[in-house]
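*Asks:* Requesting a structural model of the entry that follows:
(one chain, ligands or ions: 1)
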Amino acid sequence: RIGDRCIGGDYPIAIQSMCNTKTEDVKATVAQILALEAAGCEIIRVAVPTMEAAEAITEIKKQIHIPLVADIHFDYRLAIAAIEHGVDKIRINPGNIGSVDRVKAVVDKAKAYHVPIRVGVNSGSLEKDLIAKYGGHVTAEGIVESALDKVHLIEDLGYDQMVISIKSSDVMMCVKAHELIAAKTDYPLHVGITESGTLISGNIKSAVGLGIMLNEGVGHTIRVSLTGDPLEEIKSAKLILKTLGLRKGGIEVVSCPTCGRTRIDLIGLANKVENLVQNYDLDIKVAVMGCVVNGPGEAREADIGVAGGIGEGLLIKKGEIVKKVPEDQLLAVLKDELDHWNK
Ligand code: SF4
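*Replies:* Modelled structure (predicted):
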C-alpha cells in the first residue's frame, strides 16, 4: 500500500512519473503534480536532495491527491526526514545509503510509519564483485542478484513492505533481468527503461521493453522515462497499457499514413484530433483518414471518423457517411460530436 493506493497482485498497473521541478519550490512542484494528476498520473516521485526538500513534503502532500514518493540518494537522514514529513513511499538504493546501521535506521522509521520502500538498483551502479562474478561485465543475472541482496538485507531487518525496481538502459538486458527476478520473488515490481532518451527513442524503447514485460505479466507499476515534459510520460504510459489491453477508457485515435490520394492537411488534422481527444473521458475510437476511396471503409471499425476529400471531408459514424464538411470546419464538427456523444 502506497498511501491510498495498492500495487501488486491483481491491482491495476499504476502509472508513475517524476517531477522535474525543484522539490524545495513547493508552488512549482504542486503545480506540476496537479497537471500530471489531471493527465492520469497515479503515483508521483520527487527528488529529495536536501533537508529543505524533505521538509517541503508536508506542504506538498496537503495540496495533491496522489501518493507521493521521495527519491533519496546517499543520505539516510533525508530518507528519515522524508518519512517524518509524511511521504507515502521512499525510493532508496540500500547500496548507496552506507552502513547496515544507517539502512536499519531508515527501515525502522519506515516500519514505524508504515511507509513502503522501493528498493532501486541501477545497472550503472552494480557492485564490482557482481560484475566480476558474471564475466567481468554488467549482466541481468548480476543486477538481479544485487537487487535481491538488498531485499534480503531489509527482510533481515524485519520489514517486507517493498517494491523492487531494477533499471538498465539496455532494453533487452532490462527485460531479461525483470523476467529473472519475477521468477524469484513475489514482491511488486516497478518496471521501466531508464535513460531511454528523448521523445522518440524513449517512447520506442519503453514501448518495446514494457510491452514485452507487461505482456508476460511482469510489472505492477510503470514509469516511462523520457528526457522531456513528464506529461509526455503519462500519455505514453497510458497508451502502452491501452495497446496491451491492460487499460480501458479514453479515446483511441486511428489515422492513416497518408499517400498520394490525400488532398487535405491530414497530418495537421490528425495531430489536432490527438490533442482534442485528451480532454474527453469517452471509451470510443476516432478515425482520421485521408481520402474518400478507402477512408470510409477503413473508418468502419471506428465509432466516428472523418475522411478527407478535396478541400472538404466526410463525417462518418459507424461506417455510415453522415455529412460533408468543409476542411476548415472538420475539427470543430468533430469536437461538437464528441461534446454531445453521450446524448
Ligand atoms: Fe491513402 Fe486514403 Fe489510405 Fe489515407 S486512407 S493512406 S489517403 S488510400
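*Asks:* Might one say that residue 298 is in contact with residue 285?
*Replies:* No: counting by Cβ atoms under 8 Å, residue 298 stays clear of residue 285, with 11.7 Å between them. Yep, even glycine has a C-beta here, placed from its N, CA and C like the rest.
*Asks:* quick one: which of the two has more around it?
*Replies:* For the pair residue 298 and residue 285, the greater number of neighbours falls to residue 298 (20 against 15), based on other Cβ atoms under 10 Å.
*Asks:* Setting aside sequence neighbours, what's the nearest residue to that one?
*Replies:* residue 289 (5.4 Å; Cβ to Cβ, 6 or more residues apart in numbering).
*Asks:* Could you do residue 158 as well?
*Replies:* Once flanking residues are discounted, residue 158 sits nearest to residue 111: 7.0 Å by Cβ to Cβ, 6+ apart.
*Asks:* same check, this time on residue 205
*Replies:* The shortest distance from residue 205 to any residue other than its chain neighbours is 4.2 Å, reached at residue 196 (Cβ to Cβ, 6+ apart).
*Asks:* Kindly state the pLDDT recorded for the one you found?
*Replies:* Reported pLDDT at residue 196 in the predicted model: 72.
*Asks:* Tell me the backbone dihedrals of residue 201, please.
*Replies:* Listed backbone geometry of residue 201 is phi -70, psi -40, with angles given as degrees, to the nearest 10.
*Asks:* For the residue nearest to residue 298, give the beta-bridge partners.
*Replies:* Applying DSSP bridges to residue 289 gives these bridge partners: residue 307.
*Asks:* unless I'm mixing things up, it is touching residue 300, no?
*Replies:* No: between residue 289 and residue 300 no contact is recorded; they are 10.3 Å apart, counting by Cβ under 8 Å.
*Asks:* Can you tell me the SS state at residue 293?
*Replies:* Put simply, residue 293 is coil when judged by DSSP: H, G, I helix; E, B strand; the rest coil.
*Asks:* burial count for it?
*Replies:* Other residues lying near residue 293 total 13 when counted by other Cβ under 10 Å.
*Asks:* And residue 11, by the same measure?
*Replies:* Number of residues near residue 11 (other Cβ under 10 Å) recorded here: 13.
*Asks:* how about the helices in the protein?
*Replies:* Along the chain, counting by DSSP state H, helices occupy 26-39, 51-63, 76-84, 100-113, 128-133, 140-156, 171-184, 199-215, 230-243, 266-277, 295-298, 330-339.
*Asks:* For the closest residue to the ligand within the stretch 201-343 of the chain, which non-adjacent residue is closest in space?
*Replies:* Checking the stretch 201-343 of the chain residue by residue against the ligand with Cβ to the nearest ligand atom singles out residue 290 as nearest, at 2.7 Å. Closest residue in space to residue 290, ignoring its immediate chain neighbours: residue 262 at 3.8 Å, by Cβ to Cβ, 6+ apart.
*Asks:* and residue 166, what is it in contact with?
*Replies:* For residue 166, the contact set (Cβ atoms under 8 Å, 6 or more residues apart in numbering) comprises 120, 121, 122, 123, 143, 144, 147, 174, 177, 178, 181.
*Asks:* what do you get for residue 162?
*Replies:* Residues near residue 162 by Cβ under 8 Å, 6+ apart: 116, 117, 118, 119, 151, 154, 187.
*Asks:* quick one: the closest residue to the ligand within the stretch 51-200 of the chain and residue 237, what's the gap?
*Replies:* Among all residues of the stretch 51-200 of the chain, residue 200 sits closest to the ligand, at 21.8 Å; criterion: Cβ to the nearest ligand atom. Distance, residue 200 to residue 237, by Cβ to Cβ, to the nearest Å: 16 Å.
*Asks:* Neighbour count: the two, which is higher?
*Replies:* Neighbours per residue, other Cβ under 10 Å: of residue 200 and residue 237, the larger number sits with residue 237, 28 against 9.
*Asks:* wait, that one sits on residue 223?
*Replies:* Yes: using Cβ under 8 Å, residue 237 and residue 223 qualify as a contacting pair, with a distance of 7.2 Å.
*Asks:* So for the two, which residues contact both of them?
*Replies:* In the contact map built from Cβ under 8 Å, 6+ apart, the residues linked to both residue 237 and residue 223 are 15, 16, 17.
*Asks:* Reformat those residues as a markdown table; add pLDDT, distance to the ligand and neighbour count.
*Replies:* Formatted as a markdown table, the entries for these read as follows, by pLDDT from 0 to 100; distance: Cβ to the nearest ligand atom, whole Å; neighbours: other Cβ atoms under 10 Å:
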| residue | pLDDT | distance to the ligand | neighbour count |
| --- | --- | --- | --- |
| 15 | 97 | 32 | 24 |
| 16 | 97 | 36 | 26 |
| 17 | 96 | 34 | 28 |
